[in-house]
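Student: requesting a structural model of the entry that follows:
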Amino acid sequence: MLVPGDCTRLHARTLSPNKSPGAAGAELPTSPDPAMEARLLRAVLGIFLVFRAQVEAAMVDLDLQKLVGFWREVGLASDQNLALKAPKRVEGLFLTASGSDLTVKAAYNNSGSCETEKIVGSEIDISGKFAFPGHREIHVLDTDYSGYAILRVSLRWQGRDFHVFKYFTRSLEDDDPLGFWRFRELTADTGLYLAARHGECAKLLKEGLQGLSGP
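Tutor: Numbers count the residues shown, from 1 in each chain. You can find the predicted model right below:
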């Protein structure tokens, strides 16, 4: 998987000192074609602008009804080490919406046992930002609705404020490379990163099977 920072160096071929550009069998110069460079630049710029427009649309005006359904947690990042060491780890979410209220059913892996928790929050001052009981907030930073979602979760625990970036996909298997690239871009300066563990709790939540304790 490619992530920001990956690069490939291209080395131009050099001519043999015994061969001239016009000699039979000599290697041709590898000078770039200006027309081809222009076409490639336009193509790359077009892809970037489309991607940027999609990101800005998602961040400016969230369509809550498109966000509902199952999401599997793939990764998380935080500059606070304690936030990444909780023994009770989220594996998946199932979201439902009613008006400006968001109901979150979370599936946790608690030392090998699957548990669920259901909480209801309301949208507050910013589109895509929801407040929940217990001094918790969820802010949807970016999503394409069908493949990935990036959330910023804030909570107060033991008198301290914690902030965690979380990356989710709709699939139990696919990590959605485009969304993951965006997640790494948003968290490049965060410092700490942890890949979520694959487990049965998210699968049980998605398939609606028995075996989850909780409401």
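
Student: CA atoms for contacts and neighbours, from now on please.
Tutor: OK.

Student: I'd like the next helix or strand past the helix or strand hosting residue 96.
Tutor: The secondary structure element spanning residue 96 is strand 88-98 (assigned by DSSP states H and E). Later in the chain than strand 88-98, the nearest helix or strand by DSSP H and E is strand 101-110.

Student: sheet-wise, list the partners of that following strand with their directions.
Tutor: According to DSSP bridges, strand 101-110 has the following sheet partners: strand 88-98 (antiparallel), strand 113-123 (antiparallel).

Student: would CSV of the ones you listed with mean pLDDT and distance to residue 153 be doable?
Tutor: Supplementary listing: these in CSV, determined by pLDDT from 0 to 100; distance: least, CA to CA, whole Å:
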stretch, mean pLDDT, distance to residue 153
strand 88-98, 93, 12
strand 113-123, 94, 13
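
Student: just name the most buried of these.
Tutor: With neighbours taken as mean count of other CA atoms under 10 Å, those reach their highest mean count in strand 88-98, at a mean of 20.

Student: re earlier: nearest to residue 165, out of the strands paired with strand 101-110?
Tutor: Taking CA to CA as the measure, the strands paired with strand 101-110 were each checked against residue 165, and strand 88-98 came out nearest at 12.7 Å.

Student: ok, back up a step: so what touches the strand holding residue 96?
Tutor: Outside strand 88-98, the residues within contact range by CA atoms under 8 Å, 6 or more residues apart in numbering are 64-65, 67-73, 102-111, 196-199, 201-202, 205-206.

Student: one more pass at 6 Å, please.
Tutor: Surrounding strand 88-98, the residues in contact under the criterion CA atoms under 6 Å, 6 or more residues apart in numbering are 68-73, 103-110, 202.

Student: about what we covered before: out of the strands paired with strand 101-110, which is closest to residue 179?
Tutor: Closest approach to residue 179 among the strands paired with strand 101-110 (CA to CA): strand 88-98, 16.8 Å.

Student: what's around residue 61, how many residues?
Tutor: 11 (other CA atoms under 10 Å).

Student: how near is it to residue 176?
Tutor: Distance of residue 61 to residue 176, computed by CA to CA, to the nearest Å: 22 Å.

Student: please apply the same query to residue 35.
Tutor: Look at residue 35 and residue 176: by CA to CA, they are 33 Å apart.

Student: ok, and the closest residue to residue 124 other than its chain neighbours, which helix or strand is that part of?
Tutor: Leaving aside its chain neighbours, residue 124 sits nearest to residue 130 (5.7 Å; criterion: CA to CA, 6 or more residues apart in numbering). In this structure, residue 130 sits in strand 129-132 according to DSSP H and E.

Student: and that strand, what other elements does it pack with?
Tutor: Using 3 or more CA pairs under 6 Å, 6 or more residues apart in numbering; DSSP states H and E as the contact criterion, the neighbours of strand 129-132 among helices and strands are strand 113-123, strand 136-143.

Student: who does residue 89 form a beta bridge with?
Tutor: Each beta-bridge partner of residue 89 is listed here: residue 109, as defined by DSSP bridges.
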